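1. Prediction below, plus the sequence it came from.
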Amino acid sequence: MELSDLLTFSTVARLGGITRAADELNTVQSNVTQRVKALEAEIGTALFERHSRGMTLTGAGRRLLPYAERMAALSREALLAARDDGEPKGPLSIGSMETTAAVRLPLLLAEFHRRFPAVQLSLRTSTTAELVAGVLNGTFDGAFVAGPIEHAELEATVAFREELVLVTARRWQSLGALRAGTPGSGPTALVFRTGCTYRQRLEQVFSEFGWPSSARFELGTLDGMIGCVAADMGVTLLPRVVVGRNDTVNVHALNQAQARTETLFITRRAAHRYSALQGFVSCLNGHGEVIAA
């Protein structure tokens, strides 16, 4: 198998279509189509199901994908290791939860850019589950995720300690008032998509409050989440630092077991920790809240 074919295949699988894959790979659609067909011919089976909404993996495609991702990541890692002369430079891919990226990372990223301008840093946000998978398959060099994370192939350090709070519309002045004013199944839970650790924690809190069957409404952005809470569409769970002094919503403290959480920075144990990543970690260590896990 050609490595370039596997890279093309994994890109189409991740983006769900030829057009988007061609844009990311900076090539023409016909080239992407040709590489996918060549790989299918070599394997002897279809890897994608084509339909009007895009392309989805067949069973064979799903089985091949983790191997393709690991081979592409290993190739990238080998290239970066060979080029690493001790001077931080080149690409560095970091993943983060959206809440962390919005509040915790701007000063860190600005410092890193000042100290290491030759590094081409990219930051992508996603859920903790997807970020962990991305570090394991080499999509990310490191990622900020919600703890706890226990995995034999990952190293983790505590980057930030957070207090989670229940966020409601201004009319709810206390948790007692919220519980009295939303009998039955309780308020709507405003959540990020499945795989978000804060969603899981909110569902645990709702269960403890006697609202295990409350309605869920998924949102894709932090601004949208806070806006919908302010409009009294429902309630959500966020780190207190994310809400800050926002005067459009109220925040309500939870008990220690419900509120305590840690944001971890994870990397893959077996990966070469080249100079750009070492530089990023040195900046992270300089931000005061980082301790060894």
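-> Thanks, I have it.

2. Which stretches in the stretch 151-293 of the chain count as helices?
-> With helices called from DSSP state H, counting those that start in this stretch, the stretch 151-293 of the chain shows them at 175-181, 197-208, 222-230, 240-243, 256-259, 275-285.

3. right, and these - which one's nearest Thr11?
-> helix 275-285 (22.5 Å; CB to CB). In this view, the C-beta of every residue, glycine as well, is placed from N, C-alpha and C.

4. So which bits of the closest one are buried?
-> Ser275, Ala276, Leu277, Gly279, Phe280, Val281, Cys283, Leu284 (16 or more other CB atoms under 10 Å).

5. Repeat that for stretch 160-180.
-> Phe160, Glu162, Leu164, Val165, Leu166, Val167, Thr168, Ala169, Trp172, Leu178.

6. Over to stretch 209-223?
-> Taking 16+ other CB under 10 Å as the criterion, stretch 209-223 shows Phe209, Trp211, Ser214, Leu219, Leu222 as buried.

7. How about the second one: what's its closest non-neighbour residue?
-> Taking CB to CB, 6 or more residues apart in numbering, and ignoring the residues beside it in sequence, Trp211 has Gly186 as its nearest neighbour in space, at 3.0 Å.

8. Surely the one you found is in contact with Gly210?
-> Yes. At 7.3 Å, Gly186 counts as touching Gly210 under the criterion of CB atoms under 8 Å.

9. and of the helices of the stretch 151-293 of the chain, who's closest to Glu24?
-> Closest among the helices of the stretch 151-293 of the chain, using CB to CB: helix 275-285, at 21.1 Å.

10. Pull the residues that contact stretch 70-79.
-> Leu3, Leu6, Leu7, Ser10, Asn137, Gly138, Thr139, Ala271, His272 (CB atoms under 8 Å, 6 or more residues apart in numbering).

11. actually stretch 51-65, not the one I wrote
-> In contact with stretch 51-65 (CB under 8 Å, 6+ apart) are residues 9-10, 12-13, 16-18, 43, 45-49.

12. what's the span of it from first residue to last?
-> Length of stretch 51-65, first residue to last, CA to CA, to the nearest Å: 20 Å.

13. now do stretch 248-267
-> First-to-last residue span, stretch 248-267, CA to CA: 37 Å.

14. One more: stretch 158-178?
-> End to end - CA to CA - stretch 158-178 spans 33 Å.

15. now that stretch: mean pLDDT?
-> Taken as a whole, stretch 158-178 has a mean pLDDT of 94.

16. what's the closest of the buried residues of stretch 160-180 to Gln258?
-> Leu164 (6.9 Å).

17. wait, that closest one sits on Gln258?
-> Yes. Look at Leu164 against Gln258 with CB under 8 Å: they come within range, at 6.9 Å.

18. In TSV: the buried residues of stretch 209-223, plus pLDDT and distance to Ser96.
-> Output for the buried residues of stretch 209-223, formatted as TSV (pLDDT from 0 to 100; distance: CB to CB, whole Å):
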residue	pLDDT	distance to Ser96
Phe209	91	29
Trp211	92	30
Ser214	91	28
Leu219	94	18
Leu222	92	12
